[in-house]
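**Student:** when you get a sec, could you give me coordinates for this:
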Amino acid sequence: MSQKIVFMGTPEFSVPTLESLVNSNHQLLAVYSQPASKAKRGQKIIPSKVEIFAKKHSLRLRTPNSLDNDEEYNYLKKLEPDIVVVIAYGKILPKKFLNLSKNGFINVHASLLPKWRGAAPIQRSIMNLDNQTGISIMKIEEKLDAGPIMHQDKIQINENVDAFTLSKVLSKLGAKSIINAIDKIEKGQAKFQEQNHSEATYAKKISKAEGRIDWNESAKKVLAKINGLNPNPGAWFQYKNERFKVWKAEITNKSNDAGKTIDDQLTIACKHQSIKIIEIQKEGKNRQLTDEFLLGNKIKPGEILN
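**Tutor:** Residues are numbered from 1 along each chain as shown. Here you go, the predicted structure:
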């Protein structure tokens with residue numbers, strides 16, 4: 001037997017799960033993704049990674065600007081899905097939609113719920129210096145990421161991992177877990193457990209302003225911000241009214257006043273210990289290794305970075 005499935009997802013993180021469904025014995029009725037968006041510079045229209053994958057594999061694709069209308073409600077209702085799989089779709093599902101699937105809407109969420117409900121669980125787990133994270137398979141209810149949990153997979157967070165790398169690991173883990181979850185649902189073996197809502201924490205969306213480095217924090221916290229915000233929106237500092245994005249760094253035991261450059265190799269003092277920048281990007285320029293960057297940009301010892 002196989003389940004009739006509708007998929008909802010948008011970014012690169014969603015693609016491995018969609019690929020797993022395509023390669024399974026289940027029937028994929030339709031794929032929903034957010035509509036293509038304009039590039040930051042120029043008028044080029046950029047489709048989502050899920051849209052690109054769906055078109056490449058000739059899947060039935062829907063990219064509505066909103067789900068909250070009769071057209072989308074009736075379309076999904078006519079499909080009569082057994083399960084709707086949702087992973088990083090990026091749109092709020094209207095309450096009335098949740099009754100349109102025989103076995104509910106199943107979400108793949110990139111944290112160990114109830115910790116880090118919300119939009120940026122991967123970034124927040126790194127920035128918070130968490131030791132572990134994982135994937136939660138849960139049933140979607142009206143309240144954000146608060147539905148009962150069917151399954152969790154845990155992994156350790158390596159000390160110097162960035163959000164890009166951790167996202168890749170978790171997306172593959174989710175792709176594997178969802179197939180097992182659907183099989184259990186199909187066999188009537190799925191068990192859902194209510195979350196402990198008193199332990200919930202929230203991973204709010206990251207703003208660009210939040211990426212500003214505070215050198216009065218410990219080097220561990222500064223490095224966690226650099227890694228947690230790599231690649232987007234990025235951790236940054238200002239020097240002589242210009243912005244510099246830090247892509248990669250490491251901790252050293254050198255010390256000085258917080259925010260002051262210690263040497264001519266871009267080692268900056270923090271509240272405790274210091275950060276040596278390995279890869280940097282001046283605003284409007286390409287990212288560079290520090291040695292290459294310093295050939296054309298001199299930041300002397302004793303300078304104050306904001």
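
**Student:** okay, buried residues for stretch 204-211 please.
**Tutor:** Buried residues in stretch 204-211, defined by neighbour count with 16 or more other CB atoms under 10 Å: I206, G211. Just so you know, the C-beta spots here come from the backbone N, C-alpha and C atoms, and that holds for glycine as well.

**Student:** output that stretch as CSV, nothing but the C-alphas.
**Tutor:** Output of stretch 204-211 as CSV, limited to C-alpha atoms (Å, rounded to 0.1, in the frame of the first residue of the first chain):
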residue,chain,number,x,y,z
LYS,A,204,12.5,34.0,16.4
LYS,A,205,13.5,35.1,12.9
ILE,A,206,17.1,36.5,12.7
SER,A,207,17.3,40.2,11.8
LYS,A,208,20.4,41.7,10.1
ALA,A,209,20.9,44.0,13.0
GLU,A,210,21.2,41.0,15.3
GLY,A,211,24.3,40.0,13.4
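
**Student:** by contact count, what packs against the worst-scoring helix or strand of the chain on mean pLDDT?
**Tutor:** For the chain, counting by mean pLDDT, DSSP states H and E, strand 37-38 ranks last in confidence among helices and strands (a mean of 82). Counting contacts by 3 or more CB pairs under 8 Å, 6 or more residues apart in numbering; DSSP states H and E, strand 37-38 packs against strand 45-46.

**Student:** any low-confidence regions in this structure?
**Tutor:** Counting by pLDDT under 70, the ranges of the chain that qualify are 40-42.

**Student:** domains for it, by residue range?
**Tutor:** 4-203, 209-296 (automatic domain parsing).

**Student:** using CSV, lay out those together with distance to E303.
**Tutor:** Shown next, in CSV, are the domains of the chain (distance: least, CB to CB, whole Å):
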stretch, distance to E303
domain 4-203, 26
domain 209-296, 5
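
**Student:** quick one: list the elements packing against the strand or helix carrying I178.
**Tutor:** Using DSSP states H and E, I178 falls within helix 163-186. Counting contacts by 3+ CB pairs under 8 Å, 6+ apart, helix 163-186 packs against helix 15-22, strand 83-87, strand 105-109, helix 121-127, strand 132-139, strand 149-156.

**Student:** for my notes, confirm Q281 occurs in a strand.
**Tutor:** Yes - Q281 forms part of a strand when assessed by DSSP: H, G, I helix; E, B strand; the rest coil.

**Student:** quick one: it from N131, how far?
**Tutor:** From Q281 across to N131, the span is 30 Å (CB to CB, to the nearest Å).

**Student:** rewinding a little: sheet partners, orientation included, of the least confident helix or strand of the chain?
**Tutor:** Take DSSP bridges as the rule and strand 37-38 pairs in its sheet with strand 45-46 (antiparallel).

**Student:** what's the first helix or strand after the helix holding I178?
**Tutor:** Using DSSP H and E, the next helix or strand after helix 163-186 towards the C-terminus is strand 202-203.

**Student:** any chance you could list what contacts that next one?
**Tutor:** S111, W116, R117, G118, A119, A120, P121, Q123, R124, S125 (CB atoms under 8 Å, 6 or more residues apart in numbering).

**Student:** please apply the same query to stretch 180-195.
**Tutor:** By CB under 8 Å, 6+ apart, stretch 180-195 touches 1-3, 5, 24, 26, 82-83, 85, 103, 106, 113-114, 137-139, 146-151.

**Student:** what of stretch 100-107?
**Tutor:** 3, 6, 73, 76-77, 80-87, 93, 97-98, 136-140, 145, 147, 150, 178, 181-182, 185.

**Student:** stretch 254-270 too?
**Tutor:** With CB under 8 Å, 6+ apart as the criterion, stretch 254-270 contacts 215-219, 221-222, 237, 252, 271-277, 280, 290, 293-294, 298-306.

**Student:** dump it to PDB, keeping only the CA atoms.
**Tutor:** Extracted in PDB, the C-alpha atoms of stretch 254-270 (Å, rounded to 0.1, in the frame of the first residue of the first chain):
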ATOM      1  CA  LYS A 254      45.300  36.500  23.600                       C
ATOM      2  CA  SER A 255      43.700  39.300  25.500                       C
ATOM      3  CA  ASN A 256      43.200  43.100  25.500                       C
ATOM      4  CA  ASP A 257      40.400  45.500  25.900                       C
ATOM      5  CA  ALA A 258      37.200  44.200  24.300                       C
ATOM      6  CA  GLY A 259      36.900  45.200  20.600                       C
ATOM      7  CA  LYS A 260      40.500  46.200  20.200                       C
ATOM      8  CA  THR A 261      42.700  44.500  17.600                       C
ATOM      9  CA  ILE A 262      45.600  42.700  19.200                       C
ATOM     10  CA  ASP A 263      47.900  42.200  16.200                       C
ATOM     11  CA  ASP A 264      48.100  42.900  12.500                       C
ATOM     12  CA  GLN A 265      46.500  39.500  11.700                       C
ATOM     13  CA  LEU A 266      42.900  40.500  12.700                       C
ATOM     14  CA  THR A 267      42.900  39.000  16.200                       C
ATOM     15  CA  ILE A 268      40.200  40.900  18.200                       C
ATOM     16  CA  ALA A 269      39.900  40.900  21.900                       C
ATOM     17  CA  CYS A 270      36.600  39.800  23.500                       C
END
